[in-house]
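In: The sequence and its predicted three-dimensional model are supplied below.
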2 protein chains.
Amino acid sequence: MDMEKYSEGACPIGRALTQIGDAWSMMILRDAGHGRTRFDQFRTSLGIAPNILTRRLTALTRAGLLEKRRYSERPPRDDYLITAKGRDVLPILAAIGAWGAKHCEGGALSRAVDAETGDAIEAVVVDRATGRPLSKIAMRVVVPEAA
Amino acid sequence: MDMEKYSEGACPIGRALTQIGDAWSMMILRDAGHGRTRFDQFRTSLGIAPNILTRRLTALTRAGLLEKRRYSERPPRDDYLITAKGRDVLPILAAIGAWGAKHCEGGALSRAVDAETGDAIEAVVVDRATGRPLSKIAMRVVVPEAA
């Protein structure tokens, strides 16, 4: 993607995708949301090539979704902690998971539950003010006027 | 991403991302949701290279998010119409846009409104049963037992 065009563009979806619009980045954030913080944890969990993992961790850190914290000086080793900005992606990942559970069937699936009650969680995207599911709302986009 | 591993895996997020975990694919779906159907419309709107656009349209069609319909025999030309499966991605894109509006600031942004009332729409991901925002719920993942 033409990052320069989209990261400064008027479309907030395009802007967001320059930072999170990549499957590996989203899977790393998924794992970070589950408490994983270390290079080897991500590598083992995801089966991702080390050079790609390095690149994605660097990009996510630079964009402020993860924060690097040194936990060992010798050898030099860092944790990658999810930030508030990164944490705000997790509900989106849950919505992506709900879409996957509906549309990519076949075989047993893991599922999200409320950690306290154990109740199943089903993610749905709604309008904050009215609570209506966005799937039921015809939307249009208002483009900002030229300055 | 190792598509074979993830498309058959237990994680519905991983499964979904093998089909929609790519910035260009999501931008094409955004445009398709706005009523764009033709190769040249996508190309012009997105500024995407023709070979990449061809590849993404083919993948989205094969995965059932778009449907190809021939509208001209000479020369051979196809429309790409968004399917119900593709339409189910649009609320997720709205949630991604809400994240982008919050976290990728700077300059005027386009925004989604209710096409009927003109009211601003703010996408938020909630639990369907309780209406609680997922950002307020501690979740854990239940992995399916081995068969």
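Out: Cool, got the structure.
In: For chain A, just list every one of the strands.
Out: Along chain A, counting by DSSP state E, strands occupy A:66-72, A:77-82, A:111-114, A:123-127, A:139-142.
In: can you state the direction angle for the second one and strand A:66-72?
Out: Between strand A:77-82 and strand A:66-72, the angle formed by their directions is 150 degrees, by axes from the mean of the first three to the mean of the last three C-alpha atoms, to 10 degrees.
In: Can you list the buried residues in strand A:77-82?
Out: For strand A:77-82, a neighbour-count test (16 or more other C-beta atoms under 10 Å in any protein chain shown) marks A:78-80, A:82 as buried. Every residue, glycine included, has its C-beta placed from N, CA and C.
In: burial measure for the residue lying closest to residue A:24 once chain neighbours are set aside, as a count.
Out: Distances taken as C-beta to C-beta, 6 or more residues apart in numbering or on different chains place residue A:56 nearest to residue A:24, at 5.1 Å, with adjacent residues excluded. By the other C-beta atoms under 10 Å in any protein chain shown criterion, the neighbourhood of residue A:56 contains 22 residues.
In: ok, residue A:56 to residue A:34 distance?
Out: Remark: distance between residue A:56 and residue A:34 (C-beta to C-beta, to the nearest Å) = 16 Å.
In: and what of residue A:138?
Out: 36 Å.
In: Give the residue spans of chain A that score low on pLDDT.
Out: When residues are selected by pLDDT under 70, those of chain A lie in A:1-3, A:146-147.
In: related to what we said a few turns ago, just checking, the residue nearest to residue A:24 touches residue A:28?
Out: Yes. Residue A:56 is in contact with residue A:28 according to C-beta atoms under 8 Å; the separation is 5.7 Å.
In: Show me the beta-bridge partners of residue A:77.
Out: For residue A:77, the beta-bridge partners under DSSP bridges are residue A:72.
In: So it sits against residue A:41, correct?
Out: No. Contact between residue A:77 and residue A:41 fails when scored by C-beta under 8 Å: they sit 11.9 Å apart.
In: Which of residue A:138 and residue A:34 has more residues huddled nearby?
Out: More crowded of residue A:138 and residue A:34, by other C-beta under 10 Å: residue A:34, with 14 against 7.
In: which residues does that one contact?
Out: Neighbour list for residue A:34: residue B:141 [criterion: C-beta atoms under 8 Å, 6 or more residues apart in numbering or on different chains].
In: Now do the phi/psi pair for it.
Out: phi -90, psi 10 (degrees, to the nearest 10).
In: Distance check, it against residue A:125.
Out: 22 Å.
In: same question, residue A:139
Out: From residue A:139 to residue A:125 the distance is 11 Å (C-beta to C-beta).
In: okay but residue A:92 is in contact with residue B:95, surely?
Out: Yes. Between residue A:92 and residue B:95 there is a contact under C-beta under 8 Å: 5.0 Å.
In: For residue A:38, list the residues it contacts.
Out: Applying C-beta under 8 Å, 6+ apart, the residues near residue A:38 are A:77, A:79-80.
In: no wait, residue A:33
Out: Per C-beta under 8 Å, 6+ apart, neighbours of residue A:33: A:82, A:86-87, A:90, A:93.
In: ChimeraX command to pick out the buried ones of the residues you listed?
Out: Selection command for ChimeraX covering only the buried members of the contacts of residue A:33, criterion 16+ other C-beta under 10 Å:
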select /A:82,86,90,93
